[in-house]
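Mind looking at a prediction? Sequence and model below.
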Amino acid sequence: MAYQNAALHVEGVSLDALAAQHQTPLFVYSKAAMLSALASYQRGFAGRDALICYAMKANSSLAVLQLFAQNGCGFDIVSGGELARVLKAGADPQKVIFSGVGKTRAEMRQALEAGIACFNVESIAELDVLNEVALSMNRIASISLRVNPNVDPKTHPYISTGLKGNKFGIAHEEALGAYRHAASLKGLRVAGIDCHIGSQITEVTPYVDAMDRVLDLVSSVEAAGIPIHHIDFGGGLGINYNGDTPPEADALWAQLLAKIDARGFRGKQLMIEPGRSLVGNAGVCVTEVLFTKQGSDKNFCIVDAAMNDLPRPAMYQGFHAIVPCSAPSKPQLTRPAQEVIYDVVGPVCESGDWLGKDRALDVRAGELLAVLSTGAYCMAMASNYNTRGRAAEVLVDGDTATLIRVRETADDQMRMERML
Ligand code: LLP
């Protein structure tokens, strides 16, 4: 993403042009950025038996899934809906793994019928139910147990998952017993071990600590006579939102693979479940300034995107950079520079509806802004609050822009409803 002739471009296409054609708010994704993020993982695993399962919850738009499927990815799903979506996008079911703490029997059946690779099971109770469902279908479900290594990923509490107090996984101390139980159930086949400690992790240490604890368990489970075929190390690698400096995927994995080798587990298949790091920085949201307003304490820049399109600030106080779609130098040619400190807010009727606080911007009504790093957990978490239609999405490949989701209308939103 860069300014060319004073206009912000994604690859070879200007955001002004896309907004004129498709209106705003508009999500714009770069195919090259997604593939380059994937390539970093692929480089990291070169020569290894490894499967990259894109955690599709980060961005589950069909064309995005298609792109990853066409480039060799497997998928990490967390619902029957995600399974239906990913199969529609052309994924190989044998490269699909199913995570999540609350799978329903219907979802288990759907996944067994599709022939997915593995269930990441999070409790003894889930083991028993999956066993029952598999036996009733005359199938055997491959499972790995998601263990909770109790390490602090040093991220926002809502997206920390590997600490003792979290609802996720099976406690480290109980894992061996759970494996023994799983191995005794006729409808299950123990395939692997799984962990995921949190999201937007920007340090290496929590990963290394979690890997140590997982490998300790592999040793003790195998010593108990239960072979572990694969190690699934989850996702969680952070991206740069606001000067964050997470390691590159290939550099992180060079360290983790060295540890795996040093501890004698080189022969194991590896799986990972990255979401944000594959798509987060490949997307921007273009929004139009509707009004600027001087409040008694603050100035507000009111835009046409809102918390229903971009929920991360409201939910996690997430930071997204906000920049003008026209280079700052351009307006200065036609009018004097006028940078003002604004809270950038949406039209939704809540004070929580803000996209950025205290941002210095030189903007006027009718101008366009780009909210950056919005490829992950934005459209996938978008809602219809205030009966706002969900935004359109465009995927850019070089000079070509493809509309991959049309803007939702009020009729679309009311289609599933019935009057009294
Ligand atoms: N695997 C499991 C089991 C997960 O729960 C998640 C994310 C991932 C993989 C992918 O993690 P990632 O590589 O994307 O960090 N909505 C929040 C993030 C929620 C993450 C949920 N689990 C946000 O916008 O920050």
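Nice, I can see it. Residues are numbered from 1 along each chain as shown.

Quickly note the distance from Leu26 to Arg180.
53 Å (Cβ to Cβ, to the nearest Å). For glycine as for every other residue, the C-beta is placed from the backbone atoms N, C-alpha and C.

More neighbours: these two, which one.
Neighbour comparison, Leu26 and Arg180: the larger count goes to Leu26, with 27 against 14 (by other Cβ atoms under 10 Å).

May I ask you to confirm that the more buried one is in contact with Glu393?
Yes - with contact defined as Cβ atoms under 8 Å, Leu26 and Glu393 form a contacting pair (7.5 Å).

Nearest residue to Ala391 in space, please, no chain neighbours.
Pro25 (4.3 Å; Cβ to Cβ, 6 or more residues apart in numbering).

If you count neighbours, what's buried in stretch 198-210?
By neighbour count on 16 or more other Cβ atoms under 10 Å, the buried set for stretch 198-210 is Gly198, Ser199, Gln200, Ile201, Thr202, Pro206, Tyr207, Asp209, Ala210.

export the helix or strand containing Phe27 as PDB, just CAs?
Phe27 is part of strand 26-30 when elements are defined by DSSP states H and E. The C-alpha coordinates for strand 26-30 follow below in PDB (Å, rounded to 0.1, in the frame of the first residue of the first chain):
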ATOM      1  CA  LEU A  26     -15.500  -0.600   1.600                       C
ATOM      2  CA  PHE A  27     -13.000  -3.300   2.500                       C
ATOM      3  CA  VAL A  28     -10.100  -3.600   0.100                       C
ATOM      4  CA  TYR A  29      -7.700  -6.500   0.300                       C
ATOM      5  CA  SER A  30      -4.300  -7.100  -1.400                       C
END
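
After that strand, which helix or strand is next?
Per DSSP H and E, the first helix or strand lying C-terminal to strand 26-30 is helix 31-44.

Quickly check: the next helix or strand after that next one near the ligand or not.
Next in sequence after helix 31-44, counting helices and strands by DSSP H and E, comes strand 50-55. Yes - using Cβ under 6 Å from any ligand atom, strand 50-55 reaches the ligand at Ala55.

Using CSV, write out every CA atom in strand 50-55.
Extracted in CSV, the C-alpha atoms of strand 50-55 (Å, rounded to 0.1, in the frame of the first residue of the first chain):
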residue,chain,number,x,y,z
ALA,A,50,3.8,-29.4,7.9
LEU,A,51,0.2,-28.2,7.3
ILE,A,52,-0.7,-24.6,7.5
CYS,A,53,-4.4,-24.4,8.5
TYR,A,54,-5.7,-20.9,8.0
ALA,A,55,-7.8,-20.0,11.0
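
what's the average pLDDT for that strand?
The pLDDT scores in strand 50-55 average 98.

What is that strand packed up against?
helix 31-44, strand 74-77, strand 269-272 (3 or more Cβ pairs under 8 Å, 6 or more residues apart in numbering; DSSP states H and E).

and Tyr179, that one's in a helix?
Yes - the assignment for Tyr179 (DSSP: H, G, I helix; E, B strand; the rest coil) places it in a helix.

That one contacts Ala223, correct?
No - the criterion here is Cβ under 8 Å, and Tyr179 misses it with Ala223 at 11.0 Å.

Those two - which one has more neighbours?
Counted by other Cβ under 10 Å, Tyr179 and Ala223 do not tie: Tyr179 has more neighbours, with 26 against 9.

how many other residues sit next to the spatially closest residue to the more buried one that is not a sequence neighbour?
For Tyr179, ignoring the flanking residues on the chain, the nearest one in space by Cβ to Cβ, 6+ apart is Val221 at 4.8 Å. Counted with other Cβ under 10 Å, the neighbours of Val221 add up to 23.

Contact partners for Val221?
When contacts are counted by Cβ atoms under 8 Å, 6 or more residues apart in numbering, Val221 touches Ala175, Leu176, Tyr179, Ile193, Ile228.

tell me which element it falls in.
Val221 is part of helix 205-223, with elements assigned from DSSP H and E.

so the residue in the stretch 301-420 of the chain positioned nearest to the ligand, which of the three states?
The ligand sits closest to Tyr377 of the stretch 301-420 of the chain, with a gap of 3.2 Å, by Cβ to the nearest ligand atom. What three-state DSSP gives for Tyr377 is coil.

from memory it sits against Ala58, does it?
Yes - assessed by Cβ under 8 Å, Tyr377 is found in contact with Ala58 at 5.8 Å.

Any chance you could list residues touching both of these two?
Residues touching both Tyr377 and Ala58 (Cβ under 8 Å, 6+ apart) are Gly275, Arg276, Gly280.

right, and out of these, which lies closest to the ligand?
For the shared contacts of Tyr377 and Ala58, the residue nearest the ligand by Cβ to the nearest ligand atom is Gly275; the value is 2.7 Å.

what about the closest one, how many neighbours?
Number of residues near Gly275 (other Cβ under 10 Å) recorded here: 24.

what about stretch 267-286, how long is it end to end?
End-to-end distance for stretch 267-286, by Cα to Cα, to the nearest Å: 46 Å.
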